[in-house]
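# Predicted model and sequence below, questions to follow.
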There are 2 protein chains.
Amino acid sequence: MIETVLNPQKKVPSPTIARLFTYYRALLESRETSYISSEELAKLTGCMAAQIRKDLTYFGEFGTPGKGYKVEELSQRLRSILGIDHDWDVVLIGVGNVGRALLSYQGLKSQGFKVTQLFDSDPKKIGLSCAGLKIKDITSMKEELQNTPVKMAIITAPANSAQEVANMLVEAGIKAILNFAPTRIFTP
Amino acid sequence: MIETVLNPQKKVPSPTIARLFTYYRALLESRETSYISSEELAKLTGCMAAQIRKDLTYFGEFGTPGKGYKVEELSQRLRSILGIDHDWDVVLIGVGNVGRALLSYQGLKSQGFKVTQLFDSDPKKIGLSCAGLKIKDITSMKEELQNTPVKMAIITAPANSAQEVANMLVEAGIKAILNFAPTRIFTP
DNA sequence: AACTGTGAAATTATTCACAGCT
DNA sequence: AGCTGTGAATAATTTCACAGTT
């Protein structure tokens, strides 16, 4: 699961994160165009108005007393908080059959992921291109990721090396791993 | 959302329900064949062992002190608690384009739903057959549902009548409504 | 007047720790 | 010895209620 961390000034309860998606959906469906009050949003979502207000203040104060929340701004803020206002750069490790399938699959893009680098350990593959990207040596991964903002990786390596790869990713500063290897991996 | 109610002896916290799915998935993936302890399941799911034990006791005591939980029994119990051990009988209201699409769509069946009755308000449709079921008059719905165990309905009626249909369903004892009408409806 | 933002109270959920069973 | 089931303790979350802003 992806938990977007934006303003961890105070600790955000995880049920709050889940509700933000609900608020966002309700907002998309609502006919409101200017301001919406916590009370109205409550009616739309089935949540309590006070809870909505509290949830939102974890990320700053953007309501107008007497009027409510500006719909356009609230939408934008929620998109930003939920991390759906931009694509997520990811690296893909293991350019085998599964990896290539994912690269040619449009679903990845439509879910907001953009593959920016490819890694593999097979010397025969290193240097080749796939989907417009050159396959790099996995041993250079930490170095390559040093000055990038990439925080997410997709593992499509064989089961027996997935755990090792996961360790390297954590080492390289990756915060989220989507594991397509047919095994379970453990991270701190 | 569907919350299966089996043994509401004590009130079951809703996070517990969510975790039961996790336990079930972990169990399916695990290689254990005889007994599994709360400790092992904890390692597999990332939950706390004490929490797993507490979660399970809401539905009875089925662990064996000194050994753990019998994998086969635990699986079966979880399936039963989660309501995925049998199909759910549903009725479908509104045999228009959306309704017919759903009826011919295999996804409904693969998700464990079985459509048992069809209703519509259009006199031209009443009496016709669709997917092997006769279309009944919506005004007879309450009566027709009287002696059936159906607790779920799918609404595919036009937006402007969806709310009215929902009211009738609640009246007829339906506990869960899947709304495919292009509108939002409210229920108690 | 209408609404937000927020401490404080109430409620709900998690974790501990241990008695008791196999 | 190893593990479950569970009250009691702790922690997290929700709700109330109201001061303060527009």
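Received the coordinates, thanks. Numbers count the residues shown, from 1 in each chain, chains lettered A, B, ... in the order given.
# strands paired with the longest strand along chain A, and their directions?
Scanning chain A for the longest strand, with DSSP state E as the assignment, gives strand A:113-120. The sheet places strand A:113-120 alongside strand A:88-93 (parallel), strand A:133-137 (parallel), with pairing taken from DSSP bridges.
# Most tightly packed of those?
strand A:88-93 (a mean of 23; mean count of other Cβ atoms under 10 Å in any protein chain shown). Backbone N, C-alpha and C define where each C-beta goes, glycine included.
# can you list contacts of that strand?
A:2, A:99, A:102-103, A:112-120, A:138, A:141, A:145, A:148-157, A:165, A:169, A:174, A:178 (Cβ atoms under 8 Å, 6 or more residues apart in numbering or on different chains).
# Mind giving me the packing neighbours of the helix or strand that that strand is followed by?
The C-terminal neighbour of strand A:88-93 among helices and strands, as given by DSSP states H and E, is helix A:97-104. Judged by 3 or more Cβ pairs under 8 Å, 6 or more residues apart in numbering or on different chains; DSSP states H and E, helix A:97-104 is in contact with strand A:88-93, strand A:129-130.
# Can you lay out the ones you listed as CSV showing mean pLDDT and distance to DNA strand C?
Shown next, in CSV, are those (pLDDT from 0 to 100; distance: least, Cβ to the nearest atom of the strand, whole Å):
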stretch, mean pLDDT, distance to DNA strand C
strand A:88-93, 96, 28
strand A:129-130, 96, 42
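# buried ones in the longest helix belonging to chain A?
The longest helix of chain A (DSSP state H) is helix A:14-29. Using 16 or more other Cβ atoms under 10 Å in any protein chain shown as the test for burial, helix A:14-29 gives A:16-17, A:19-20, A:22-24, A:26-27.
# Name the residues of stretch A:61-73 that are buried.
In stretch A:61-73, counting by 16+ other Cβ under 10 Å, buried: A:63, A:68-71.
# okay, that stretch in PDB with CA atoms only?
The C-alpha coordinates for stretch A:61-73 follow below in PDB (Å, rounded to 0.1, in the frame of the first residue of the first chain):
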ATOM      1  CA  GLU A  61      -6.200  24.800   7.400                       C
ATOM      2  CA  PHE A  62      -7.900  25.400   4.100                       C
ATOM      3  CA  GLY A  63     -11.500  26.100   5.100                       C
ATOM      4  CA  THR A  64     -13.200  29.500   5.200                       C
ATOM      5  CA  PRO A  65     -15.200  29.900   8.400                       C
ATOM      6  CA  GLY A  66     -18.800  30.900   7.600                       C
ATOM      7  CA  LYS A  67     -18.500  29.400   4.100                       C
ATOM      8  CA  GLY A  68     -16.800  26.000   4.000                       C
ATOM      9  CA  TYR A  69     -14.200  24.600   1.700                       C
ATOM     10  CA  LYS A  70     -13.500  25.900  -1.800                       C
ATOM     11  CA  VAL A  71     -14.400  22.900  -3.900                       C
ATOM     12  CA  GLU A  72     -11.700  23.400  -6.500                       C
ATOM     13  CA  GLU A  73      -9.000  23.900  -3.900                       C
END
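# quick check, it touching DNA strand C?
Yes. Counting by Cβ under 7 Å from any atom of the strand, DNA strand C is contacted by stretch A:61-73 at A:61-69.
# now that stretch: mean pLDDT?
For stretch A:61-73, the mean pLDDT works out to 96.
# Please apply the same query to stretch A:48-56.
On average, the pLDDT along stretch A:48-56 is 98.
# Can that stretch be said to contact chain B?
No. Judged by Cβ under 8 Å from any Cβ of the partner chain, stretch A:48-56 stays clear of chain B, getting no closer than 14.9 Å.
# which outside residues touch the longest strand of chain A?
Under Cβ under 8 Å, 6+ apart, the answer for strand A:113-120 is A:87-96, A:99, A:103, A:108, A:126, A:130-131, A:133-138, A:140-141, A:144-145, A:148, A:150, A:152, A:154.
# and what of stretch A:41-49?
Against stretch A:41-49 from outside (Cβ under 8 Å, 6+ apart): A:19, A:22-23, A:26-27, A:29-30, A:37-39, A:52, A:69, B:184.
# now do 6 Å
Counting by Cβ atoms under 6 Å, 6 or more residues apart in numbering or on different chains, the neighbours of stretch A:41-49 from elsewhere in the structure are A:22, A:26, A:38-39, A:52.
# now the strands for chain A?
Under DSSP E, chain A gives strands at A:35-36, A:63-64, A:68-70, A:88-93, A:113-120, A:129-130, A:133-137, A:152-155, A:176-179.
# partners of the second one, with directions?
Read that as strand A:63-64. Strand A:63-64 has these strand partners (DSSP bridges): strand A:68-70 (antiparallel).
# any idea which of the buried residues of stretch A:61-73 is closest to DNA strand D?
Using Cβ to the nearest atom of the strand, A:Gly63 is the member of these that sits closest to DNA strand D, with 9.0 Å.
# Just grab the bridge partners of the residue nearest to that closest one when sequence neighbours are not counted for me.
In this structure, A:Gly63 finds its nearest non-sequential neighbour in A:Tyr69, 4.9 Å apart by Cβ to Cβ, 6 or more residues apart in numbering or on different chains. Judged by DSSP bridges, the bridge partners of A:Tyr69 are A:Ile36, A:Gly63.
# how near is A:Tyr69 to A:Ile84?
As for A:Tyr69, its distance to A:Ile84 is 18 Å (criterion: Cβ to Cβ, to the nearest Å).
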